[in-house]
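> generate a structure from the sequence data that follows.
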Amino acid sequence: MFTPAPPSWHPQQSWPHSDRLRLRPLTEADVPALHALHNDPEVMRYLTGGAPVSVEHVRTVELPRLTRWFDAADGPGFWGAERRDGEGGLLGWFELRPLDAGSGEVFELGYRLRRDVWGRGYASEGGRLLVRRAFERLGARRVTADTMAVNTASRRVMERCGLRYLRSYTEDWPDPLPGSEHGEVEYVIDRAEWEAQRLPADEQPDDRR
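Down below sits the predicted model:
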C-alpha cells in the first residue's frame, strides 16, 4: 500500500536541482505567478483551451491541489520551478504523483512552464530530475506522461526525459478542445529502461546534496 508522507518542510539541500534549475515547494506567495501562468492562452491551449481563471480560483482550488501531496524529502507532489541563481521568479511547476493513490508503482510526470522560458530546456531538465526521483527514492516501476497527440512540443519533452511512445487513445470529453479529434498519447519509461539510460554517477545532476 502506497501512503504518501504527510506534508513537511525540509531544507533546500533536499530539493531536486540541476546546474540551472531548482524545484521547491509552492506557497501562497506564488499565487500571482500561478494566476498569470494559468491565464496564458498558449500555456493552457492543450489543457483548457485557454479559458481564463480568477485569482480566487487559483488561491482556493489550484494552490491546494498543487500543495496537497507535497513532501520535499521523499514524497511525490507538485514542485515550483525556479532558476538556481534566483533570477526570473517562478518559471512554472512540475508534477510527480502516483496514478493510483493506493499504489506506488506508477507515477505520472507533468509540467507547466511560462511561455517566455520555452525552448531553453527547462522542461526536460526538470522532468529528468523527477523521473530520477521516482525510481531512486520512490521505488517506482514505471513513469508515465500523457498529452494531446497534436501537442508536439510536449511530446518532444517526454522523449528528452527518456520516455518512449506507448500508445494512442481517445477520450470522450464533454467540451472537446481543437485537436482533440486526433486523440491522446501516452509515453512511458520503465525502471529497467531508465537504468539502461543512466549516465555514469559523476555525470548525473545530484539532487541530494
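> where does pLDDT dip in the chain?
By pLDDT under 70, the low-scoring segments of the chain are 1-14, 69-76, 199-209.
> would you check that D30 makes contact with E62?
No - contact between D30 and E62 fails when scored by Cβ atoms under 8 Å: they sit 10.0 Å apart. The C-beta positions use only the backbone N, C-alpha and C, and glycine is treated the same way.
> run a quick neighbour tally on the closest residue to V31 other than its chain neighbours.
For V31, ignoring the flanking residues on the chain, the nearest one in space by Cβ to Cβ, 6 or more residues apart in numbering is R59 at 5.2 Å. R59 is surrounded by 15 other residues when neighbours are defined as other Cβ atoms under 10 Å.
> and what of L166?
15.
> dump the residue contacts of the residue lying closest to A145 once chain neighbours are set aside.
Spatial nearest neighbour of A145, chain neighbours left out: L109 (4.5 Å); criterion: Cβ to Cβ, 6+ apart. Contacts of L109 were listed using Cβ atoms under 8 Å, 6 or more residues apart in numbering, and they are 94-96, 127, 130-131, 134, 143-145, 158, 161, 163.
> checking L109 next. Helix, strand or coil?
Following DSSP: H, G, I helix; E, B strand; the rest coil, we place L109 in the strand state.
> got the buried residues for stretch 122-141?
For stretch 122-141, the neighbour count (16 or more other Cβ atoms under 10 Å) marks 122-135, 138, 140 as buried.
> quick one on the thing from earlier: the residue nearest to V31 belongs to a helix, doesn't it?
Yes - counting by three-state DSSP, R59 falls inside a helix.
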